[in-house]
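1. Return a 3D structure for these sequence lines:
(chains A, B, C and D)
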There are 2 protein chains.
Amino acid sequence: MTMVTVRPYRHALDRLRGAGLRPTRQRLALARLLFDGCDRHISAEQLHSEALTSNIRVSLATVYNTLHQFTDVGLLREIVVDAGRSYFDTNTSDHHHFFFEKSGKLADIPAEMVGLTKIPDAPEGFNISRVEVIVRVNG
Amino acid sequence: MTMVTVRPYRHALDRLRGAGLRPTRQRLALARLLFDGCDRHISAEQLHSEALTSNIRVSLATVYNTLHQFTDVGLLREIVVDAGRSYFDTNTSDHHHFFFEKSGKLADIPAEMVGLTKIPDAPEGFNISRVEVIVRVNG
DNA sequence: GTGTTTGCAAAGTGTTTGCAATTTA
DNA sequence: TAAATTGCAAACACTTTGCAAACAC
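-> Modelled structure (predicted):
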């Protein structure tokens, strides 16, 4: 057990354990890339190439599987704004997004920057799972 | 005062002319399918198969081209909520959407049903082009 | 050991493109 | 006739799947 470098590793390990996911080498490495830094909006391809750059041998299929598993257990949130492009958001707390139409990129908007005072009731037999506000910008 | 917004009927030909699009056989036929009824959220595949059912000979590529041209001139609005699936909304006025996570379907929410009192300024050098509120429901 | 996870390559989905033939103005 | 539009099929980007080998516990 090392001293300094072990800390982020254990952080990722705890996340996986807490979520009931086996801490495999690939999942640990991807969790570190995803969570050991600031919040981000990342695509599967991006994460895969980051992994390869960091000398982590992982297949694209596994990256997809892992992102979906992380999403299922609430470690990530999937955001779709553009056809054929999925982003995964490491910030799973209540917030919203700017969507830059030209670049296809996203930026967070803190929840308190949006005043949402009225929301319709969910249709009969349904429950609201989330309210997303997307501010599309161009220019 | 009615709660239902009614779209004034307009001949498909007028719509195309007004938008500066050549009224070709395919565009006219698709415009009739899209606009000669109530508002709808339709995918390219759906529109294509409706066209075939109505004995309108049109290729899927042309359906895609047409949907995008209509969107570019403001006759339609494109909505993306689900990875790899685009919907085109014949209602281009100010309103929001329910997204049914299980079925992948959409339903309109009239603008006045959502109380949106505060929106952040667009980042330096950008302009807000639209604010979308998506109420995701399950169950 | 046993059940889970991974990698690979192949298949799938929805969309776009290149270009010759057709149609519109 | 000239320019715009269409259809086809191939190309595309992104994502999922099937299954044998590798791995975690």
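
2. Next one, pLDDT for A:K102 please.
-> We have a pLDDT of 86 for A:K102.

3. Contacts only, for the residue of chain A found nearest DNA strand C.
-> With C-beta to the nearest atom of the strand, the shortest gap between chain A and DNA strand C falls at A:T62, namely 3.0 Å. No exception for glycine: its C-beta is placed from N, CA and C like everyone else's. When contacts are counted by C-beta atoms under 8 Å, 6 or more residues apart in numbering or on different chains, A:T62 is found next to A:Q26.

4. same check, this time on A:G20
-> A:V73.

5. now do A:V58
-> A:Q26, A:A29, A:L30, A:H48, A:A51, A:L52.

6. tally of neighbours for the last one?
-> Right, the one you point to is A:L52. Residues lying near A:L52 (other C-beta atoms under 10 Å in any protein chain shown) number 12.

7. Please apply the same query to the first one.
-> A:Q26 is surrounded by 17 other residues when neighbours are defined as other C-beta under 10 Å.

8. For it, grab phi and psi.
-> Per-residue torsions, A:Q26: phi -70, psi -50 (degrees, to the nearest 10).

9. Might one say that it is in contact with A:Y64?
-> No: assessed by C-beta atoms under 8 Å, A:Q26 is found out of contact with A:Y64, at 11.7 Å.

10. So which residue of chain A lies furthest out from the middle?
-> A:E124 (30.8 Å; C-alpha atoms, centre = their mean).

11. So A:K102 sits against A:R136, correct?
-> No: judged on C-beta under 8 Å, A:K102 makes no contact with A:R136 at a distance of 10.5 Å.

12. between those two, which one's more packed in?
-> A:R136 (18 against 9).

13. Stretch A:11-29 and DNA strand C in contact?
-> Yes: part of stretch A:11-29 sits near DNA strand C under the criterion C-beta under 7 Å from any atom of the strand, namely A:L21, A:R22, A:T24, A:R25, A:Q26, A:R27.

14. Is any residue of that stretch near DNA strand D?
-> Yes: part of stretch A:11-29 sits near DNA strand D under the criterion C-beta under 7 Å from any atom of the strand, namely A:R22, A:P23, A:T24, A:R25.

15. residues touching the nearest residue to the second one once chain neighbours are set aside, list them.
-> What it means is A:P23. Once flanking residues are discounted, A:P23 sits nearest to A:L16: 4.4 Å by C-beta to C-beta, 6 or more residues apart in numbering or on different chains. With contact set as C-beta under 8 Å, 6+ apart, A:L16 has these partners: A:R22, A:P23, A:R27, A:L28, A:A31.

16. burial measure for the first one, as a count.
-> Which is A:R22. Here the number of neighbours of A:R22 (other C-beta under 10 Å) works out to 8.

17. Excluding chain neighbours, what is closest to it?
-> Closest residue to A:R22 apart from its sequence neighbours, by C-beta to C-beta, 6+ apart: A:L16 at 7.3 Å.

18. Now do that neighbour against A:L34, distance only.
-> 11 Å (C-beta to C-beta, to the nearest Å).

19. what mean pLDDT does the longest strand belonging to chain A have?
-> Looking across chain A with DSSP state E, the single longest strand is strand A:127-138. Mean pLDDT, computed over strand A:127-138, is 95.

20. and if you look at stretch A:62-77?
-> Stretch A:62-77 comes out at a mean pLDDT of 97.

21. That stretch vs DNA strand D: in contact?
-> Yes: shown here: stretch A:62-77 in contact with DNA strand D (C-beta under 7 Å from any atom of the strand) through A:Y64, A:N65, A:H68.

22. Burial check on the last one, number of neighbours?
-> Other residues lying near A:H68 total 15 when counted by other C-beta under 10 Å.

23. Doesn't it lie inside a helix?
-> Yes: counting by DSSP: H, G, I helix; E, B strand; the rest coil, A:H68 is part of a helix.

24. contacting residues for it?
-> Residues counted as contacts of A:H68 (C-beta under 8 Å, 6+ apart): none.

25. And it, how close does it get to B:P110?
-> Taking C-beta to C-beta, one finds A:H68 at 34 Å from B:P110.

26. repeat for A:A107
-> 29 Å.
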